[in-house]
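1. just coords:
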């Protein structure tokens, strides 16, 4: 279990906190592995019914830790075709019948946004901001977001986030139907806990069966696989290298020489 993932349990709810505030909860492969273990624990441990995800500090998560992600992409495991922890976690999240509640306590970037489309209830701080700058990094959508975002938000809102890379406020995400409600800063976690407890008190089999019926799991997992293959290739593209180099050098990227 990663030191940057903190899990507590109470009354049938496992509360998972992304706990790397000094890096805005940027996600490493070790953190994805720990998140997968937490999800599997809720699925299998008697007495646990619901997973609640939130973040420490002033961010939900800034998305993938770029250095960790690039190191993983260049590793022997990637070359051997091994499935990375991030992809295994996303497959599991898309396919689980465990109710998942999210409390978005601050900025959510990249996978910090796309994982929300696999949650059943999402509550946010009114200061939270949401962004999916995949294209700006020379990459493509992940977590089946090329499917979930157009279907849940509508194509034009999804294009605004995925193609233009525009930031959305909590109020805009409520209007788009991605966030259930926004609250004064700090109150979103109390609301998420209240809903998680309500879910935990319901009949487990009926609840999980109902969620399973509502979600096109095979389609979601298939899209995650397609996106992951394209994403992996994009990581080594000249565009991605320029974007990430520019990010580290704190300058604007120049894509004009790439055709």
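-> Happy to help now that I have it. Remember, predicted model here, so these are calculated numbers, not experimental data.
2. Which parts of the stretch 1-150 of the chain are strands?
-> According to DSSP state E, counting those that start in this stretch, the stretch 1-150 of the chain carries its strands in the segments 5-10, 13-18, 50-55, 59-61, 100-104, 107-109, 121-125, 129-131.
3. Among those, which comes closest to residue 91?
-> With respect to residue 91, and counting by C-beta to C-beta, the nearest of the strands of the stretch 1-150 of the chain is strand 100-104 at 14.2 Å. All C-beta spots, glycine's among them, are computed from the backbone N, C-alpha and C.
4. quick one: secondary structure of residue 173?
-> Under DSSP: H, G, I helix; E, B strand; the rest coil, the three-state class of residue 173 is helix.
5. now the strands of the stretch 1-150 of the chain in a markdown table, with mean pLDDT?
-> As requested, these are exported to a markdown table (pLDDT from 0 to 100):
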| stretch | mean pLDDT |
| --- | --- |
| strand 5-10 | 98 |
| strand 13-18 | 98 |
| strand 50-55 | 98 |
| strand 59-61 | 98 |
| strand 100-104 | 99 |
| strand 107-109 | 98 |
| strand 121-125 | 98 |
| strand 129-131 | 98 |
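6. So for residue 152, which of those strands sits nearest?
-> With C-beta to C-beta as the criterion, residue 152 lies closest to strand 121-125 of the strands of the stretch 1-150 of the chain, at 10.9 Å.
7. Packing partners of that closest one?
-> Here strand 121-125 touches strand 100-104, helix 170-175, strand 181-183, helix 187-200, going by 3 or more C-beta pairs under 8 Å, 6 or more residues apart in numbering; DSSP states H and E.
8. Can you give the contact residues for the shortest one?
-> Residues outside strand 181-183 that contact it (C-beta atoms under 8 Å, 6 or more residues apart in numbering) are 123-126, 128, 170-171, 173-174, 188, 191.
9. Please repeat the previous calculation with a cut-off of 10 Å.
-> Applying C-beta atoms under 10 Å, 6 or more residues apart in numbering, the contact partners of strand 181-183 are 103-104, 121-128, 169-174, 187-192.
10. Next, the buried residues of that strand.
-> Using 16 or more other C-beta atoms under 10 Å as the test for burial, strand 181-183 gives 182-183.
11. which neighbours does that strand have in its sheet, and in what orientation?
-> Here strand 181-183 has these sheet partners by DSSP bridges: strand 121-125 (parallel).
12. If I take the strand it pairs with and strand 50-55, what angle do their directions form?
-> 30 degrees (axes from the mean of the first three to the mean of the last three C-alpha atoms, to 10 degrees).
13. Cool, thanks, talk later.
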